[in-house]
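Novice: generate coordinates for the sequence data below:
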Amino acid sequence: MTKPRRVVGLVILLSACATMVTDILEFGSIEVQTVTRSGTPVSGSEIVLYNDVQVMAVGFTGDDGKYRFEFVPPQSYGVHNEPPPGYMRPEDMLGGTSTAYVHQIVIEQGDEKDVNFTFVKIGPGRIDVSVMDPEGLPIEETKVFLYSPFGDVGEKLVGSSGWVSFDPVSFGNKGIRVVPPRPYLDSDEGFFFKDAILIDDGWREEVSFVLDKCLGTLQASVQDISGNPVPEYPIRLYSAKETLEVKKTKTDGIAVFDSINCGNRGLALVETTDWIFEKGRNLSFHDGIYVKRGSDQTFSFNIEFCRGTLRASVQDISGNPVPEYPIRLYSAEETLEEKETGADGIAVFDSISCGDRGLALVEKPGWIFEEGRDLSFYDGISVTSQSDQTFSFGVEICQGTLRAIVQNAAGVPVLGYPVRLYSSTETLEEKETGADGIAVFDSIDCGDRALSLVKRPGWIFEEGRDLSFYDGISVTSQSDQAFSFGITSCSGQISVRVEDQNSNPVNGALLELYAADRTWNEGITGTTGSLVFTRACGMEVGVRVSPPSGYTVSQGRGLSFFDGLRPDLNGPAELVFRLQASQD
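Specialist: Below is the predicted model:
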């Protein structure tokens, strides 16, 4: 009977011990979660719980990406993950610290610990790239390169939106490199980049570049030989390929080129007519200047004021000085000045800017000269500081004679007919024919000249070249040329009577037959108060009256004058002027 009692006692004792252990020790738990970078649960990942001695448990994540280790006694543990097929750890692509393990997970009684692992899913993604300036404006024409560890795999050009997209982008480690237009770069080979971009399935990466232009400042300081600043002096900024800008110095003698693009630049003095300088590197130019972002550099130049004198001596063939002869001073680009010789035959160009200059005779009516270098002009004259040079010219008086012969239809010379001498720009002289019917224009200056008949009442002629005019006549030294004109007499009668207010004839009134603002015939009324013009023809004419002493006339058309008359076409005209006797 005693044996069964001992068994029952042992059971009671063991039960009591179990109850005591349970009361003293509480187990913990560790929940492990595996997700992608976007937070999507990853199922099927093998999870291993271990301590310093052995593997404690193994499990696999479920559809929610989780696995929970229950009844974990207090101790220090570690957890290891193994990605399922189709997944990888991030460091497998990017390198770096392993994420396969989490160590030193200390479990106290009743602890609930969480452990998280992130995997990347094998598959394509997308990369969007923006390239903007600080104001948010797109930097167009920027080249954008997509690359992998093995080289470039794509290239695009930024347009007006400022964005480019690479889609799809294969799984793996990628990078973006941008090469903006030159003004945004510190050097010709510069670029900007972002690497270690991990792309996995469905991942969309946005990469933004905000680029500011690479700008610096160059200053050119210009002084004269006394060390004084020279204002308004032009300085040229240039690159290896072209002139970029030209600026003039300010009152402090400094030309400032600010906000210029980075890169190799040069500064050079620009040649002017008033200044000279020694040529050479670090004298007339500074090259190989490297402009960096935010740099401000100053370079100095020295110049010297430069003026000289040129004299032109003009003589005739007898060696006598020719006064008032025009001389032209010129450069390779333009006429600089024109002066006439003085009484001594010399034109003085003083205080003229240094440089290559030329002197030339100016054609003047009445004079001729032989054309050619060292005859009619001197070129390649080097004007240097304080130089004074004289150059001689020879000219010869050039005059000729033109004769205009005017005859009527019968070949009889016409006395007193007006003939006009003219050039291409103006009337030079007008003369009337003599008793021999010839108008002589003697001692006229050489050159292209012309002769023409002048219209006058009483005569008509056929219009046209070699009829009413001769042009393109070349007058040369001592030439004497004659040109013939034929005219025909015409008739047209205008009868004029001058009366007082009582219709009584007025004696002594002056009547003028005029045309083209010129009086061609005139007469004085007699006791009858009448006068007749018989050759009022060939052109529109007018008649005007000048009252004798003791009379007045009201001014105006039909009162003091009649115009627009053509009696040769419209028949004889009869005119009456009425004067008022003066009241004493």
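Novice: tell me, how many residues neighbour the residue lying closest to residue 67 once chain neighbours are set aside?
Specialist: Once flanking residues are discounted, residue 67 sits nearest to residue 59: 4.2 Å by Cβ to Cβ, 6 or more residues apart in numbering. In this view, the C-beta of every residue, glycine as well, is placed from N, C-alpha and C. The burial count assigned to residue 59 is 15, neighbours taken as other Cβ atoms under 10 Å.
Novice: please identify the helix or strand for residue 59.
Specialist: Secondary structure assignment for residue 59, by DSSP states H and E: strand 55-60.
Novice: that strand pairs with which strands, and in what direction?
Specialist: According to DSSP bridges, strand 55-60 forms sheet pairs with strand 46-50 (antiparallel).
Novice: contact partners for the residue lying closest to residue 581 once chain neighbours are set aside?
Specialist: The shortest distance from residue 581 to any non-neighbouring residue, by Cβ to Cβ, 6+ apart, is to residue 500 (5.3 Å). Residue 500 sits next to 506, 551, 578-581 when contact means Cβ atoms under 8 Å, 6 or more residues apart in numbering.
Novice: in a markdown table: these, plus pLDDT, neighbour count and secondary structure.
Specialist: Output for the contacts of residue 500, formatted as a markdown table (pLDDT from 0 to 100; neighbours: other Cβ atoms under 10 Å; DSSP: H, G, I helix; E, B strand; the rest coil):
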| residue | pLDDT | neighbour count | secondary structure |
| --- | --- | --- | --- |
| 506 | 97 | 23 | coil |
| 551 | 96 | 20 | strand |
| 578 | 96 | 17 | strand |
| 579 | 96 | 22 | coil |
| 580 | 95 | 13 | strand |
| 581 | 92 | 14 | strand |
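Novice: which residues of the stretch 101-250 of the chain fall in strands?
Specialist: Listed in chain order, the strands of the stretch 101-250 of the chain (DSSP state E, counting those that start in this stretch) span residues 101-107, 112-121, 125-132, 143-148, 151-157, 163-169, 172-179, 192-199, 204-210, 215-223, 234-238, 243-248.
Novice: and of the ones you listed, who's closest to residue 266?
Specialist: Ranking the strands of the stretch 101-250 of the chain by proximity to residue 266 (Cβ to Cβ) places strand 234-238 first, at 4.9 Å.
Novice: mind listing what's buried in the strand holding residue 59?
Specialist: Using 16 or more other Cβ atoms under 10 Å as the test for burial, strand 55-60 gives 56-57.
Novice: list the contacts of the helix or strand that comes right after it.
Specialist: Next along the chain after strand 55-60, taking DSSP H and E as the criterion, comes strand 66-72. Strand 66-72 is contacted from outside by 27-34, 41, 45, 47, 49, 56-57, 59-61, 107, using Cβ under 8 Å, 6+ apart.
Novice: 6 Å instead?
Specialist: Strand 66-72 is contacted by residues 27-33, 47, 49, 57, 59, 61, 107 when judged by Cβ atoms under 6 Å, 6 or more residues apart in numbering.
Novice: most widely separated two among these?
Specialist: Most distant of the contacts of strand 66-72, by Cβ to Cβ, are 27 and 61, 21.5 Å apart.
Novice: settle it for me: which of these two has more neighbours?
Specialist: Between residue 27 and residue 61, residue 61 has the larger neighbour count (other Cβ under 10 Å), namely 22 against 14.
Novice: mind listing what that one touches?
Specialist: Contact analysis of residue 61 by Cβ under 6 Å, 6+ apart lists 34, 43, 45, 67.
Novice: just the closest of the residues you listed to residue 273, please.
Specialist: Within these, the smallest distance to residue 273 is 84.4 Å, found for residue 34 (Cβ to Cβ).
Novice: the closest one: neighbour count?
Specialist: For residue 34, the neighbour count with other Cβ under 10 Å is 27.
Novice: could you do residue 337 as well?
Specialist: Number of residues near residue 337 (other Cβ under 10 Å) recorded here: 12.
Novice: hang on, it packs against residue 328?
Specialist: No. In this structure residue 337 lies outside contact range of residue 328 using Cβ atoms under 6 Å: 7.8 Å.
Novice: shaky segments in this protein?
Specialist: 1-25, 188-189, 584 (pLDDT under 70).
Novice: give me the domain ranges for it.
Specialist: Per automatic domain parsing, the domain ranges recorded for the chain read 28-121, 125-210, 215-305, 307-397, 399-489, 494-581.
Novice: measure stretch 255-275 end to end?
Specialist: One end of stretch 255-275 to the other measures 17 Å (Cα to Cα, to the nearest Å).
Novice: buried set for it?
Specialist: Across stretch 255-275, burial judged by 16+ other Cβ under 10 Å covers 255-257, 260-263, 265-269, 272, 274-275.
Novice: could the contacts of strand 66-72 go into JSON lines alongside distance to residue 377?
Specialist: Listed next are the contacts of strand 66-72 as JSON lines, based on distance: Cβ to Cβ, whole Å:
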{"residue": "27", "distance to residue 377": "118"}
{"residue": "28", "distance to residue 377": "113"}
{"residue": "29", "distance to residue 377": "112"}
{"residue": "30", "distance to residue 377": "107"}
{"residue": "31", "distance to residue 377": "106"}
{"residue": "32", "distance to residue 377": "103"}
{"residue": "33", "distance to residue 377": "100"}
{"residue": "47", "distance to residue 377": "104"}
{"residue": "49", "distance to residue 377": "109"}
{"residue": "57", "distance to residue 377": "112"}
{"residue": "59", "distance to residue 377": "109"}
{"residue": "61", "distance to residue 377": "102"}
{"residue": "107", "distance to residue 377": "111"}
